[in-house]
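[1] predicted model and sequence follow; I will ask about them next.
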Amino acid sequence: MVFYFTQGLSYKCRDVPALALHEIVHAQNETMSHFQMLKELSPYVRFAQFTANQAILEATREENEVHILDLDIMDGIQWPPLMADLAQRNNVSLRITAIVGDPEKAALVQQTGRRLVEFAESVGQTFRFDQMTMEKEEDFDKIEGGHTLIANCMIHQLHLNDRNLLVVKNFLNGVSRLSPKLVVLVEEELLNFAKVSSVSYVEFFHEAIQHYTALSHSLQYSYGRVGFELFQKDTMGLRIMDSVGSFPIGREEKMSWEESFSLLKNFKPIPMSATNVSQAKLLAGLLGKGYWVQNENSRLSLCWKSRPLTTASSWIPRHALGSGH
């Protein structure tokens, strides 16, 4: 890991994005292979997706038309379990709009949509799939109303492609214009919006070492030495360089991060349900010792030993608090 931290620090000193200079280009099948490995052998992906799905199910318990805006759909594996659960309800329709930040990924998203449509048909779930290329927050004005709107936002996750801050800002600002019933946010704890703007680069660098050391130990426990070395070289190493290289240090960079988090100022976090907490604890325990779940301040975190690594939270509009919803 020393090499990746050194490279990231070098990129930061030269004021160049780490991934922009890195010559390794991942083939899509390699990325998905590592993602599948992560899903199979650690709770990270299941924690993020199952926790989000449970929150969505609870928020839409009395609704007949559910519309989810998904910032990074990847291969769509988050949604079949939700479809299966919704199919058990009477006359509930589901619509998913994949929000695409990179136009070059549109074809892959279309393939994902076709697979989801086929699955929905197999379980008898009324379903519609759309995708929207997002260039600016005003693009969200094109989204039709008349549904219970849910925003699904997983950012800085180890299994997701790196996403620049502008895409996240446009997504959060865009969905705020639509007043969704629920925003589900899953963040890598190291780059938590609420923390980043208040720490120095030296403090962050120290935290990054602790964070990725804990992450490495947890994945070695799950993968074994050989599997972890492959994953570290092709996936986590680039993530370390990007995190260290992209952390905001200047006044303008700090303000940009603060503005991103302030986009949730019209929302309030709500506690995760007892069912969701129990489910997360079950998932964390599937692979044995080391993994555990922390539930504090309306934030549900997946931890390895003493360190939280990934955190999920649910947010509702502040005006809903006074309406009895």
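    Perfect, I can see it now. Numbering: from 1, shown residues only.
[2] so how far is Arg61 from Thr275?
    12 Å (C-beta to C-beta, to the nearest Å). (Each C-beta comes from the backbone N, C-alpha and C, glycine too.)
[3] tell me where the protein has helices.
    2-13, 18-21, 28-41, 44-59, 79-87, 106-123, 165-176, 193-196, 201-223, 225-231, 237-246, 251-262, 274-285, 318-321 (DSSP state H).
[4] now render the ones you listed as TSV, adding distance to Ala98, mean pLDDT and mean neighbour count.
    Below are the helices of the chain laid out as TSV (distance: least, C-beta to C-beta, whole Å; pLDDT from 0 to 100; neighbours: other C-beta atoms under 10 Å):
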stretch	distance to Ala98	mean pLDDT	mean neighbour count
helix 2-13	30	76	16
helix 18-21	23	45	16
helix 28-41	16	53	15
helix 44-59	15	92	22
helix 79-87	10	97	19
helix 106-123	5	95	15
helix 165-176	12	84	20
helix 193-196	23	64	17
helix 201-223	28	86	17
helix 225-231	26	63	14
helix 237-246	23	76	22
helix 251-262	21	66	15
helix 274-285	24	94	17
helix 318-321	26	69	12
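[5] and those as TSV, adding distance to Lys142?
    Below are the helices of the chain laid out as TSV (distance: least, C-beta to C-beta, whole Å):
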stretch	distance to Lys142
helix 2-13	37
helix 18-21	30
helix 28-41	28
helix 44-59	23
helix 79-87	22
helix 106-123	16
helix 165-176	10
helix 193-196	27
helix 201-223	38
helix 225-231	39
helix 237-246	30
helix 251-262	23
helix 274-285	32
helix 318-321	24
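[6] looking at those, which is nearest to Arg299?
    helix 193-196 (9.3 Å; C-beta to C-beta).
[7] any idea how many residues pack against Arg14?
    Arg14: 9 surrounding residues under other C-beta atoms under 10 Å.
[8] kindly report the same for Gln88.
    10.
[9] and it, how close does it get to Leu69?
    In this structure, Gln88 and Leu69 are 23 Å apart, going by C-beta to C-beta.
[10] closest to the centroid, which residue in this protein?
    Met154 (1.5 Å; C-alpha atoms, centre = their mean).
[11] could you check the pLDDT of it?
    Looking at Met154, its pLDDT stands at 85.
[12] and the one 5 residues further on, by the same measure?
    His159 is assigned 50 on the pLDDT scale.
[13] I'd say Pro81 and Gln54 touch.
    No: taking contacts as C-beta atoms under 8 Å, Pro81 lies outside contact range of Gln54: 9.8 Å.
[14] ok, and the closest non-adjacent residue to Arg128?
    Computed as C-beta to C-beta, 6 or more residues apart in numbering, the closest residue to Arg128 that is not its neighbour in sequence is Arg95, at 4.4 Å.
[15] how about the contacts made by that neighbour?
    65-68, 127-130, 147 (C-beta atoms under 8 Å, 6 or more residues apart in numbering).
[16] Met83 now?
    Counting by C-beta under 8 Å, 6+ apart, Met83 touches 94, 116, 119-120, 123, 125, 127.
[17] gap between the closest residue to it other than its chain neighbours and Thr112?
    Spatially, and ignoring its direct neighbours in sequence, Met83 is nearest to Gln125 (4.6 Å; C-beta to C-beta, 6+ apart). Per C-beta to C-beta, Gln125 is found 16 Å from Thr112.
[18] with Phe171 instead?
    Distance from Phe171 to Thr112, by C-beta to C-beta: 18 Å.
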